[in-house]
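Colleague: here is a sequence together with a model predicted from it:
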Amino acid sequence: MSPLENNIQDAVNSVTEGFFSRLMKILIFIFVGFVLFGSYYIFQFRGLKYAESMELAQLARNISIGRGYVTSCIRPVDIWYLSDMPSYAFQAQSCPDIRNPPFFPSIVSMAFKVVKPAFTLKPGSLSFEPETKVIIPLCILFTLMTGMFIYLVGVKLFGWRVAVVGVLVFFLSKSVLDESISGLPSSLLMLLVSAVICAALSFREAYEGNKPVRFMVLLFFIAAMLSAAIFLTSYKMSVFIPLLAFFMVSGFLRRSWHVAGAFLLVVLIIISPWLVRNLKVSGNIAGIAHYSALYETALYKNYSFDHECSPTMNNTKIARALKQKFMTTFPEMCETGLRTIGNGLIICLFLVSVFNKYEREEVNHLKWSLLVMLLLVAAAGAIFPAGNSNVFIPFLPLVILYGVAFFFSIIDRDEFADPAWKITFAAVLVLLSALPLVFAFSSRRVASPYPPYYPPFISYVSNLLTHEETICTDIPWATAWYGNRNSILLPATIDEFKKINEGKARMAGLYLTTVTGDMPFNSTFVAGPMRSWLPVLNGNVPKDFPLMHGITLPEGRNDQLFLTDKDRWARPSVGAGSASGSSK
């Protein structure tokens with residue numbers, strides 16, 4: 001063949017088999033992924049609807065504009081906790097956040113600096129640029145990157161068939177797409193868990209293959225940094241890190257406990273600046289996050305602990321309440337939590353795969369490590385609130401891979417020897433996994449965040465106050481995010497409201513929504529802790545209450561109430577409501 005013909009043949013081979021072929025497959029994968037997730041975003045996203053996502057978003061904004069790791073969403077119990085610091089004087093404009101880990105808000109803040117979205121809501125608009133241009137696209141990107149690591153882990157453990165089908169099942173799972181448009185850190189956690197498992201497997205392969213020590217050390221530190229990032233994204237995931245260290249060295253590495261101990265030490269060194277910061281600011285390495293164990297206990301129903309200005313700490317009662325909570329919640333977590341993280345068929349296949357013995361030891365080691373991880377995370381979720389995301393969701397990629405691998409182990413038997421049948425069964429598995437997503441696309445019925453979240457209302461009410469003033473509300477995460485105002489959660493009683501107003505932070509407005517109005521009447525307002533607020537909700541504001549002027553939202557209804565110290569409004573331009581004059 002002539003040189004020209006050789007060059008042409010090389011080019012053809014590159015297109016069909018070489019680097020160009022791989023590049024085309026990657027580009028097609030990215031394009032199809034963005035089309036799928038972009039379509040779901042267009043049809044299903046109507047704004048952030050979770051308190052946690054709004055709170056983390058306002059933290060990210062504060063970081064991006066140079067205010068530091070301070071929060072505009074303040075709870076009365078935060079004020080109480082910080083008051084014990086001898087050298088700290090509370091200021092609503094510079095209240096340090098002492099409950100949320102920093103990694104997810106920090107990444108979002110960097111994206112804010114790059115994209116530079118407008119943080120002001122356009123009049124009458126339901127679309128908020130930081131959400132549509134930064135937060136949701138970033139979460140979708142995390143999910144797409146998770147698919148890449150699912151493929152890599154699947155190839156390392158089971159081969160390319162399981163890897164490809166695993167990625168398809170993952171991308172077509174409704175729970176995955178829901179997380180990608182939630183604004184929660186769960187999509188980042190799935191990425192980090194998948195990436196660190198890939199790094200751990202590569203570390204084991206490097207040791208078994210006698211790779212250079214420098215390469216092994218590099219993988220060691222990559223896994224340690226990813227583990228630290230997992231902890232700094234979710235404190236509950238700290239139970240995952242020791243098991244990861246065990247898996248990295250289990251069954252083959254001499255002096256394995258020394259290596260595992262060194263791994264944990266490196267992770268501790270990486271996260272130590274954050275722990276020191278918390279200790280300096282709040283007196284505890286976890287801030288106030290450990291007190292979230294008191295949520296939904298016999299002592300504090302739901303999240304009522306956050307409304308307390310001076311909670312009583314009785315260790316005996318707390319221990320009894322936590323024991324009762326654990327004994328009730330842990331079985332529920334194990335029974336229902338795992339079943340609801342993804343498609344039921346995949347979850348069933350995974351549970352059965354636990355009893356299957358695989359030929360490769362690392363596959364068995366990871367399987368048992370994963371099972372223990374799920375149990376420990378369930379225990380942590382039983383004590384500390386899972387928030388708006390399923391506590392098991394970070395492990396969904398591994399659950400899918402083991403479920404798909406067990407499925408292939410069934411169809412690889414002699415009775416399914418025909419390759420055409422195997423392809424058909426694999427396609428059926430993917431289609432069954434995608435059914436909830438198909439129904440979601442076909443119905444196109446999207447639940448609105450209202451009530452209580454309606455950005456034009458929140459923006460209008462917040463803009464009645466200056467940036468230096470503070471608002472008290474039952475949705476402080478929303479007014480902090482959409483209104484960019486320092487916001488304090490509604491205290492449990494009017495007396496505690498006055499105590500904060502007179503001694504800690506003067507509150508120029510009170511904004512109440514259906515979050516308060518829809519609470520059970522008898523247990524909350526008749527014989528419950530918030531009975532002093534009932535006259536205010538009924539429009540009978542006490543004469544000595546500092547906020548006497550009010551409006552109701554929306555017009556013609558009384559879903560929401562805003563009270564302030566003076567007449568601040570013209571007629572709302574958003575069609576939100578009408579001034580009702582001076583409340584009596």
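Modeller: Now that the structure is in, tell me what you want to look at. Numbers count the residues shown, from 1 in each chain.
Colleague: got any ranges where the stretch 1-150 of the chain has weak pLDDT?
Modeller: Per-residue confidence for the stretch 1-150 of the chain (pLDDT under 70) gives these ranges: 1-22, 25.
Colleague: how much space separates Met237 from Phe215?
Modeller: Summarising the geometry, the distance separating Met237 from Phe215, computed by CB to CB, to the nearest Å, is 27 Å. In this view, the C-beta of every residue, glycine as well, is placed from N, C-alpha and C.
Colleague: quick check: buried residues in stretch 273-290?
Modeller: Along stretch 273-290, the positions that meet the burial threshold by neighbour count (16 or more other CB atoms under 10 Å) are Trp274, Arg277, Asn278, Val281, Ser282, Gly283, Ile285, Ala286, Gly287, Ile288, Ala289.
Colleague: which one's more surrounded, Met237 and Phe215?
Modeller: Neighbour comparison, Met237 and Phe215: the larger count goes to Met237, with 24 against 13 (by other CB atoms under 10 Å).
Colleague: on that earlier part again, between the buried residues of stretch 273-290, which is nearest Ala527?
Modeller: Ala527 lies nearest to Ile288 out of the buried residues of stretch 273-290, by CB to CB, at 28.6 Å.
Colleague: about what we covered before: which among the buried residues of stretch 273-290 gets closest to Gly47?
Modeller: Looking at these and their distance to Gly47, the nearest is Ala289, at 26.9 Å (CB to CB).
Colleague: look up the closest residue to that closest one, ignoring the ones flanking it.
Modeller: Once flanking residues are discounted, Ala289 sits nearest to Arg99: 5.1 Å by CB to CB, 6 or more residues apart in numbering.
Colleague: that neighbour against Ile288, yeah?
Modeller: Yes: taking contact to mean CB atoms under 8 Å, the distance of 5.3 Å between Arg99 and Ile288 places them in contact.
Colleague: what do those two both touch?
Modeller: Taking CB atoms under 8 Å, 6 or more residues apart in numbering as the contact definition, Arg99 and Ile288 share the neighbouring residues Asp78.
Colleague: okay, helices next: where are they in the stretch 251-400 of the chain?
Modeller: Along the stretch 251-400 of the chain, the stretches classed as helices by DSSP state H, counting those that start in this stretch are 256-282, 315-332, 344-353, 361-383, 396-411.
Colleague: mean neighbour count, these: which tops it?
Modeller: Neighbour counts (mean count of other CB atoms under 10 Å) averaged over each of the helices of the stretch 251-400 of the chain peak at helix 396-411, with a mean of 24.
Colleague: kindly calculate the angle that that helix makes with helix 344-353.
Modeller: Calculated by axes from the mean of the first three to the mean of the last three CA atoms, to 10 degrees, helix 396-411 forms an angle of 70 degrees with helix 344-353.
Colleague: about what we covered before: which one of the helices of the stretch 251-400 of the chain lies nearest to Leu432?
Modeller: It is, among these and with distance given as CB to CB, helix 344-353, at 5.5 Å.
Colleague: residues in contact with that closest one?
Modeller: Counting by CB under 8 Å, 6+ apart, helix 344-353 makes contact with 169, 173, 338-339, 341, 367, 399-400, 402-407, 429, 432-433, all of which sit outside it.
Colleague: with distance to Gly38 and pLDDT added, can I get the buried residues of stretch 273-290 in a markdown table?
Modeller: As requested, these are arranged in a markdown table below (distance: CB to CB, whole Å; pLDDT from 0 to 100):
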| residue | distance to Gly38 | pLDDT |
| --- | --- | --- |
| Trp274 | 35 | 97 |
| Arg277 | 38 | 95 |
| Asn278 | 38 | 94 |
| Val281 | 40 | 92 |
| Ser282 | 41 | 90 |
| Gly283 | 46 | 89 |
| Ile285 | 41 | 93 |
| Ala286 | 38 | 91 |
| Gly287 | 37 | 92 |
| Ile288 | 38 | 93 |
| Ala289 | 35 | 92 |
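Colleague: closest to Asn314 out of the residues you listed?
Modeller: Among these, Ile288 lies closest to Asn314 (CB to CB), at 17.9 Å.
Colleague: next up, phi/psi of the closest one, please.
Modeller: When read as degrees, to the nearest 10, the backbone of Ile288 gives phi -100, psi 10.
Colleague: list the contacts of it.
Modeller: By CB under 8 Å, 6+ apart, the contact set of Ile288 is Val77, Asp78, Tyr81, Ile98, Arg99, Ser282.
Colleague: now do Leu168
Modeller: When the contact criterion is CB under 8 Å, 6+ apart, the partners of Leu168 are Val430, Ser433.
Colleague: please redo it, this time with the cut-off set to 7 Å
Modeller: Under the criterion of CB atoms under 7 Å, 6 or more residues apart in numbering, the contact list for Leu168 reads Val430.
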